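Asker: Build me a model:
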Amino acid sequence: MFKERTPLSKKIKEAIRPTPMKRRISECLFKLKLQERKLDRTSYHMQQRDQALYGKCVLAVQGKNSELASMYANECAELRKMAKVVLHSELALEQVTLRLETVNEFGQVAYTMLPVVNVVKILKSQLEGVLPEVSMELSQVNETLEGLTMEVGEATESTFDLSASSGESQKILQEANFVAEQKMKERFPELPPIPTSEARV
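Answerer: Numbering: from 1, shown residues only. Reported below is the predicted structural model:
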């Protein structure tokens with residue numbers, strides 16, 4: 001998969017006259033919220049698709065057509081795997097945007113940004129096979145945020161505790177995972193037991 005690179009002219013311009021940090025964080029926030037909305041829409045469509053497949057699966061079970069019921073149940077299972085990835089990413093992005101808003105409002109705190117960078121990087125990889133266009137957007141945001149974190153570190157001559165930031169990003173992802181599990185149970189009903197194929201005489 002190809003990755004869109006920042007145009008060279010833009011990089012040169014940035015090097016000569018850097019865009020104020022607050023503005024760059026605002027641009028990242030705008031892009032992240034846009035991806036959040038895309039994930040929300042995708043999640044809704046997946047739920048609708050699952051309802052249709054679930055209905056067909058129930059009808060097949062009632063009609064004792066185990067082969068058809070099994071096919072629909074497998075489709076539901078695959079769809080739900082992707083739906084969980086989308087939902088988890090959406091919830092984690094919510095946490096990320098909240099943290100970035102705090103950074104933007106109360107000052108550029110680099111150690112607050114490091115976990116955000118880590119989470120965006122993980123979500124980018126997670127969504128690569130599910131929603132490549134969202135993954136590409138997150139890749140660009142990640143590039144900007146990594147640059148900002150390095151700049152803040154250089155400007156303040158700070159050294160960051162990478163293990164602490166890694167623990168913080170894991171916490172964000174785990175919380176998102178926990179909420180995603182709950183929401184999956186609410187939105188996606190348990191699949192009916194599939195009748196076993198009866199041996200034909």
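Asker: what about Lys185, neighbour count?
Answerer: 10 (other C-beta atoms under 10 Å). (C-beta placed from N, C-alpha, C; glycine too.)
Asker: List the contacts of the residue nearest the centre of the chain.
Answerer: Among the residues of the chain, the one closest to the centroid is Ser89, at 2.2 Å (C-alpha atoms, centre = their mean). By C-beta atoms under 8 Å, 6 or more residues apart in numbering, Ser89 lies in contact with Leu39, Leu123, Gln126, Leu127, Val134, Ala176.
Asker: Swap in 6 Å and give it another go.
Answerer: Leu39, Leu123, Leu127 (C-beta atoms under 6 Å, 6 or more residues apart in numbering).
Asker: Okay, the residue nearest to Asp50 when sequence neighbours are not counted and Glu90: tell me how far apart.
Answerer: Leaving aside its sequence neighbours, Asp50 sits nearest to Leu79 (C-beta to C-beta, 6 or more residues apart in numbering; 5.4 Å). Distance from Leu79 to Glu90, counting by C-beta to C-beta, to the nearest Å: 16 Å.
Asker: who's more crowded, these two?
Answerer: Neighbour tally, Leu79 and Glu90, criterion other C-beta under 10 Å: the higher count belongs to Glu90, 24 against 17.
Asker: And the more buried one, how far from Cys28?
Answerer: Applying C-beta to C-beta, the value for Glu90 to Cys28 is 17 Å.
Asker: One more: Val61?
Answerer: Noted for Val61: a distance of 48 Å to Cys28, by C-beta to C-beta.
Asker: more crowded one of these two?
Answerer: Ranked by neighbour count (other C-beta under 10 Å), Val61 and Cys28 place Cys28 first, with 24 against 20.
Asker: Quick one, grab the pLDDT at Thr19.
Answerer: pLDDT for Thr19: 62.
Asker: okay, now Arg23: neighbour count?
Answerer: Using other C-beta under 10 Å, Arg23 has 11 other residues around it.
Asker: Report all helices and strands that whichever strand or helix holds it contacts.
Answerer: Element membership for Arg23 (DSSP states H and E) is helix 21-62. On a contact count with 3 or more C-beta pairs under 6 Å, 6 or more residues apart in numbering; DSSP states H and E, helix 21-62 meets helix 66-106, helix 132-156.
Asker: That helix to helix 66-106, inter-axis angle?
Answerer: Angle between the axes of helix 21-62 and helix 66-106 is 160 degrees (criterion: axes from the mean of the first three to the mean of the last three C-alpha atoms, to 10 degrees).
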